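S.K.: sharing a model that was predicted from the sequence below.
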Amino acid sequence: MNKITLLTLIALSSPLLAQQAPQGAPPSMSDAFMQQLDADKDGKVTKAEFLKPYEAQFAHIDKNQDGSIDKAEVDAFAEAMRQHMQQLKQQQPAQ
Ligand SMILES: [Ca+2]
Ligand SMILES: [Ca+2]
């Protein structure tokens, strides 16, 4: 995976990552970070722990499971994200 692909993936998937946060506001960004990523709860986030959500996200986007994400798969993911964001907007009360 090249750098641009990984950065794009992180940018696209951050709303999904945020959505996985437990109900109720976490005490701080750093606590939320540790809560979400420190899988074995040893107080440290290894590179593997850090990358795990992105690997899951990669598998989610790689619809045909060929080990790479092509433009059509990114388009499908972007469209799904767009629809998801629209649904979230509709659930919020009008201002
Ligand atoms: Ca850990
Ligand atoms: Ca693919």
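M.R.: Thanks, I have it. Ligands and ions are numbered 1, 2, ... in the order given.

S.K.: okay, CA-based contacts and neighbour counts for the rest of this
M.R.: Noted.

S.K.: longest helix of the chain?
M.R.: As assigned by DSSP state H, the longest helix anywhere in the chain is helix 71-91.

S.K.: so which elements touch it?
M.R.: helix 47-61 (3 or more CA pairs under 8 Å, 6 or more residues apart in numbering; DSSP states H and E).

S.K.: the inter-axis angle of the longest helix of the chain versus helix 47-61?
M.R.: Interaxial angle of helix 71-91 relative to helix 47-61 (axes from the mean of the first three to the mean of the last three CA atoms, to 10 degrees): 90 degrees.

S.K.: distance from the chain centre to helix 71-91, please.
M.R.: When C-alpha coordinates are averaged (CA atoms, centre = their mean, to the nearest Å), helix 71-91 and its chain have centres 13 Å apart.

S.K.: buried residues, that helix. List them.
M.R.: 73-74, 77, 81 (16 or more other CA atoms under 10 Å).

S.K.: so Lys63 versus Asp75, what's the distance?
M.R.: 12 Å (CA to CA, to the nearest Å).

S.K.: low-confidence ranges in this protein?
M.R.: 1-26, 94-95 (pLDDT under 70).

S.K.: interface residues of it facing ligand 1?
M.R.: Neighbours of ligand 1 within the chain, by CA under 5 Å from the ion: 38, 40, 42, 44-45.

S.K.: nearest to Gln87, of those residues?
M.R.: Asp38 (30.1 Å; CA to CA).

S.K.: for the nearest residue to that closest one once chain neighbours are set aside, what are its contacts?
M.R.: Leaving out its chain neighbours, the residue that sits closest to Asp38 by CA to CA, 6 or more residues apart in numbering is Val45, at 5.0 Å. Listed by CA atoms under 8 Å, 6 or more residues apart in numbering, the contact set of Val45 reads 34, 37-39.

S.K.: let's have these in TSV, adding secondary structure and distance to ligand 2.
M.R.: Converted to TSV, the contacts of Val45 look like this (DSSP: H, G, I helix; E, B strand; the rest coil; distance: CA to the ion, whole Å):
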residue	secondary structure	distance to ligand 2
Met34	helix	31
Leu37	helix	26
Asp38	coil	28
Ala39	coil	27
